[in-house]
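**Q** Prediction below, plus the sequence it came from.
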Amino acid sequence: MVNPNMTEADYRKSKIKSRIAWGVAIFFACIWLVLTLTPFFFMIINSFRKQFDMLQQGVFHLPDPWFFDNYVNVVSHGFFGYFLRSVIVVAISLVLMLAISAFAAYPLARMSFKLNPFIYALIVAMMSVPMHVTLIPIFKLTTSVGLYDSLGSLIGPYVAFALPMSVFILTAFMKTIPKEVEESAEIDGCNRYQNFFKMILPLSKSGLSTLAIYNGVSMWNEFAFANTLLITPEKKTLPLALGQFKGEHSLDIPIILAVLTLSVLPMITLFIVFQDKLVKGMMAGAVKG
């Protein structure tokens, strides 16, 4: 809004400052765009080369000729098996994580009881536990219960390590929902369970979508637990697919880049499709009410 007391000279100065600010912002945005796109450009163009073309042509030159057999070899050597197993593990883990997070966040955000601060502080403290410290205990646990070398061995750790951050974020998100929403529902005869499923949960869709995208990317790319708890090639997930395409005596970098390209495409596609949900979820909890 233009200040009515502003003179024409002040208005021009303000307009010039605004243009300079926008110019600086666009300049740094372009630099950031180049820095983030360069690795993807390197990965994609070099995935269409033969094994030793990178040494002869240079890594940032366009392939001459374009070599599509890398992708044919990747697909024909069981790539979709790795892909399907990753989809199964991530889908089940996300459903369990979102359900448990919602059930835990609701009483912490909407109910008052003596242990509420202690439980909330304990959940926040669990966020500081390093993930890789638990590799050996989880390996022994999965071995003792008979889950070792199965997809089920990954679901437990994925859900467990995603829960503290998810409950923390979702609790803060649910606290921003006005209490009048529940009060009006109670007047209409809704109990606690109906309030949760019919009022709070639908209003928390943006927060749940944000958690699904954020944790989904982490689970999709997770390597340490998958490498520790899976040993049979037919049960390995997508992050372990690189080992399948690594040669015994030499390293075929273009084929590995082809695997990486196919691996990141689903996450990039999902982010492009659901980026509005992610932004809304991140911003929704920042405004009270």
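**A** Cool, got the structure. Numbers count the residues shown, from 1 in each chain.
**Q** now the stretch 1-150 of the chain, which segments are flagged as low pLDDT?
**A** Within the stretch 1-150 of the chain, the segments meeting pLDDT under 70 span 1-6, 8, 10-11.
**Q** can you give me the helices for it?
**A** Listed in chain order, the helices of the stretch 1-150 of the chain (DSSP state H, counting those that start in this stretch) span 8-46, 53-57, 69-76, 79-110, 116-126, 135-144.
**Q** quick one, which of these is packed in tightest?
**A** Of all those, helix 79-110 has the most neighbours on average by mean count of other CB atoms under 10 Å, namely a mean of 19. (C-beta placed from N, C-alpha, C; glycine too.)
**Q** Give me the angle between that helix and helix 116-126.
**A** Calculated by axes from the mean of the first three to the mean of the last three CA atoms, to 10 degrees, helix 79-110 forms an angle of 150 degrees with helix 116-126.
**Q** For helix 79-110, which helices and strands make contact with it?
**A** When contacts are defined as 3 or more CB pairs under 8 Å, 6 or more residues apart in numbering; DSSP states H and E, helix 79-110 packs onto helix 116-126, helix 152-175, helix 205-221, helix 241-244, helix 253-284.
**Q** Mind checking these for the one nearest to residue 59?
**A** Among the helices and strands packed on helix 79-110, helix 253-284 comes nearest to residue 59, with 9.5 Å by CB to CB.
**Q** CSV for the helices of the stretch 1-150 of the chain, including distance to residue 169?
**A** Below are the helices of the stretch 1-150 of the chain laid out as CSV (distance: least, CB to CB, whole Å):
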stretch, distance to residue 169
helix 8-46, 25
helix 53-57, 42
helix 69-76, 36
helix 79-110, 8
helix 116-126, 11
helix 135-144, 24
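**Q** Ok, which of those comes nearest residue 196?
**A** For residue 196, the closest of the helices of the stretch 1-150 of the chain is helix 79-110, at 5.4 Å, according to CB to CB.
**Q** what's the angle from the closest one to helix 205-221?
**A** 140 degrees.
**Q** how distant is helix 79-110 from the center of its chain?
**A** Relative to the chain's own centre, helix 79-110 is displaced by 12 Å; criterion: CA atoms, centre = their mean, to the nearest Å.
**Q** Give me the angle between that helix and helix 69-76.
**A** Relative orientation of helix 79-110 versus helix 69-76 (the same axes, to 10 degrees): 70 degrees.
**Q** Compute the inter-axis angle for helix 79-110 and helix 152-175.
**A** Orientation of helix 79-110 against helix 152-175 (the same axes, to 10 degrees) gives an angle of 40 degrees.
**Q** which one of the helices and strands packed on helix 79-110 lies closest to residue 44?
**A** Closest to residue 44 of these is helix 253-284 (CB to CB; 5.8 Å).
**Q** Pull the number of nearby residues for residue 154.
**A** Counted with other CB atoms under 10 Å, residues neighbouring residue 154 total 28.
**Q** And residue 212, by the same measure?
**A** The criterion is other CB under 10 Å. On that basis, residue 212 has 21 neighbouring residues.
**Q** Just confirm it contacts residue 96, I think it does.
**A** No: Residue 212 lies out of contact with residue 96 (CB atoms under 8 Å); the separation is 11.8 Å.
**Q** hmm, back to that, the helices and strands packed on helix 79-110: which one's closest to residue 101?
**A** Set against residue 101 and scored by CB to CB, the helices and strands packed on helix 79-110 come closest in helix 152-175, at 4.0 Å.
**Q** What's the first helix or strand after the closest one?
**A** Using DSSP states H and E, the helix or strand that follows helix 152-175 in sequence is helix 179-187.
**Q** Can you list the buried residues in the helix or strand that that following helix is followed by?
**A** For helix 179-187, the following helix or strand on the C-terminal side (DSSP H and E) is helix 192-195. Neighbour counts over helix 192-195 (16 or more other CB atoms under 10 Å) mark residue 195 as buried.
**Q** where's residue 152 relative to residue 144, distance?
**A** Between residue 152 and residue 144 the distance, using CB to CB, to the nearest Å, works out to 14 Å.
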